[in-house]
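Engineer: sequence plus the predicted model coming up.
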Amino acid sequence: MSQTGAGCAFICSETDIEINSIYSNLAHYFGFSHHLRVLNFVSGYFDQLDPVSSEHLKVTDTVFDGVEVRIFEPTKAFDKNLKKSIVYIHGGGWALGSARMRSYDSLCRKISEDVNAVVVSIEYRLVPDVHFPEQLNDAVAATKYFLHPEVLAEYSVDPSRIAVSGDSAGGNLAAAVCQQLAGDSSVTTKVKLQALIYPVLQVLDFNTPSYQQNMDMPILSRFVMIKFWLDYLNGSHSFAHSMLVNNHTSVDLSETVTLRELLNWNSLLPSSFKKNYKPVLQSHGTHKIISEVPALLDLRASPLIAKKESLQLLPKTYILTCEHDVLRDDGTMYAKRLEEAGVDVTHDHYEDGFHGCMLFASWPTYFSVGARTRDGYVKWLAENL
């Protein structure tokens, strides 16, 4: 694991997020629309970009097996070779964001230009219109369609140089897509790399050291992450406070005991991350949560709980984590489990990083760590794909 950057504090205003949340909650209260639908509309209304091509980049919107995608293709006239390719899945808690948003459009443009790769950015459906596993189904369907030999040929893509990548909830979907494809004998084109940016990878323990350390961190607090999970898995928000103290995975719930062992952070995290934090494991929990939200135990939702035999099938991996992020330990534990399964893993940890920082790489929301995380990630893709 490489560590990048000094451990400095950061300041991030949540004013816009709070204002948008107020509007969305008011609309929800008065019955106009679901609060997440309103929040996504308000936050993205002025930030949706049309597919604008440039001198060296062709940008188009199309549909892969019923799923909308935005495609970025390098158009260097002198380059007749087959190209690398990255399937990218945006973040946003399975409920927000878009491949058409300025931040993701800009990121995919940079990846395409710097790596000289065809980038397929997936516009999967969101909460509240759909819930788990439909977001994953969209991502799998679009990726499998793209992997068909005739489709790869249409976009002049080298079938041996394809990566799947995503950030945050998109990192969750990217990890799950790679696990599904690796175990699918009908998929003849294999993914060469997976690259996961501060991914969310498990829903069983909300008291890992990073969840405890960063529980009230701006951008993504522990409580907000739990609500994203409940919305994704179509569970009631009334369970949130029980899940804060891990009542959904207590010792008396036999279904969860074995799964919790697969993410035992006492053995999977370095001592510098564990510090003096203690595991939170309840003797008696709330059985109703698992019975009403069975997806809490579904491997497709929590790629971190995959068995070693499944992990051994996965491709070379890049994982980026940030110190000031509740999800730091999800990515770190996954990196460790992949290494133990024999997978070649590069784990870049940024001491001054925070959740979502890669999207803060240009004016007016520029942070140096945003540019460094983005550039390090793109460089790894260029060198390894």
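Structural biologist: Looks like it arrived, so ask away.
Engineer: going forward, measure contacts between C-alpha atoms and count neighbours the same way
Structural biologist: Will do.
Engineer: what's stretch 217-236 in contact with?
Structural biologist: 12, 14, 93-95, 127-128, 131-133, 203, 206, 211, 214-216, 237, 240, 243-244, 292-293, 295-296, 324-326, 355-356 (CA atoms under 8 Å, 6 or more residues apart in numbering).
Engineer: next one: stretch 177-187
Structural biologist: 136, 139-140, 144, 147, 164, 190-191, 194, 303, 310-311, 313-314.
Engineer: nearest to residue 65 among those?
Structural biologist: residue 144 (8.8 Å; CA to CA).
Engineer: tell me which of the contacts of stretch 177-187 fall in strands.
Structural biologist: 164, 194 (DSSP state E).
Engineer: and of the contacts of stretch 177-187, the nearest to residue 54?
Structural biologist: residue 164 (24.5 Å).
Engineer: lowest confidence element among the helices and strands of the protein?
Structural biologist: The weakest-scoring helix or strand in the chain, judged by mean pLDDT, DSSP states H and E, is helix 15-29 (a mean of 44).
Engineer: quick one on the thing from earlier: just the buried ones from the contacts of stretch 177-187, in PyMOL syntax?
Structural biologist: Filtering the contacts of stretch 177-187 down to the buried ones (16 or more other CA atoms under 10 Å) takes a single PyMOL command:
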select buried, resi 136+139+140+144+147+164+190+191+194+303+311+313+314
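Engineer: can you list the contacts of stretch 177-187 in CSV and add pLDDT and distance to residue 182?
Structural biologist: Formatted as CSV, the contacts of stretch 177-187 follow (pLDDT from 0 to 100; distance: CA to CA, whole Å):
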residue, pLDDT, distance to residue 182
136, 99, 15
139, 99, 15
140, 99, 12
144, 99, 12
147, 99, 13
164, 99, 12
190, 96, 7
191, 98, 8
194, 99, 11
303, 99, 13
310, 98, 8
311, 99, 9
313, 98, 6
314, 99, 6
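Engineer: go through the contacts of stretch 177-187 and name the one nearest residue 107.
Structural biologist: The closest of the contacts of stretch 177-187, once distances to residue 107 are taken by CA to CA, is residue 164, at 14.7 Å.
Engineer: OK, contacts around the residue nearest to residue 252 when sequence neighbours are not counted?
Structural biologist: Of all residues not flanking residue 252 in the chain, residue 284 sits nearest, at 5.7 Å (CA to CA, 6 or more residues apart in numbering). Under the criterion of CA under 8 Å, 6+ apart, the neighbours of residue 284 are 247, 250, 251, 252, 253.
Engineer: need the per-residue pLDDT for residue 284.
Structural biologist: Here, the pLDDT recorded for residue 284 equals 88.
Engineer: now do the SS call for it.
Structural biologist: coil (DSSP: H, G, I helix; E, B strand; the rest coil).
Engineer: got CSV for the contacts of stretch 177-187, with distance to residue 86 too?
Structural biologist: Formatted as CSV, the contacts of stretch 177-187 follow (distance: CA to CA, whole Å):
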residue, distance to residue 86
136, 17
139, 13
140, 14
144, 13
147, 11
164, 6
190, 13
191, 10
194, 9
303, 20
310, 22
311, 21
313, 19
314, 16
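Engineer: among the contacts of stretch 177-187, name the ones in helices.
Structural biologist: Judged by DSSP state H, helices contain the following of the contacts of stretch 177-187: 136, 139, 140, 144, 310, 311.
Engineer: ok, the residue nearest to the first one when sequence neighbours are not counted to residue 148 distance?
Structural biologist: In other words, residue 136. Distance criterion CA to CA, 6+ apart; nearest residue to residue 136, sequence neighbours excluded, is residue 173 at 5.9 Å. Going from residue 173 to residue 148 by CA to CA, to the nearest Å gives 20 Å.
Engineer: what about those two, which has more around it?
Structural biologist: It is residue 173, of residue 173 and residue 148, that has more neighbours when counted by other CA atoms under 10 Å, with 35 against 14.
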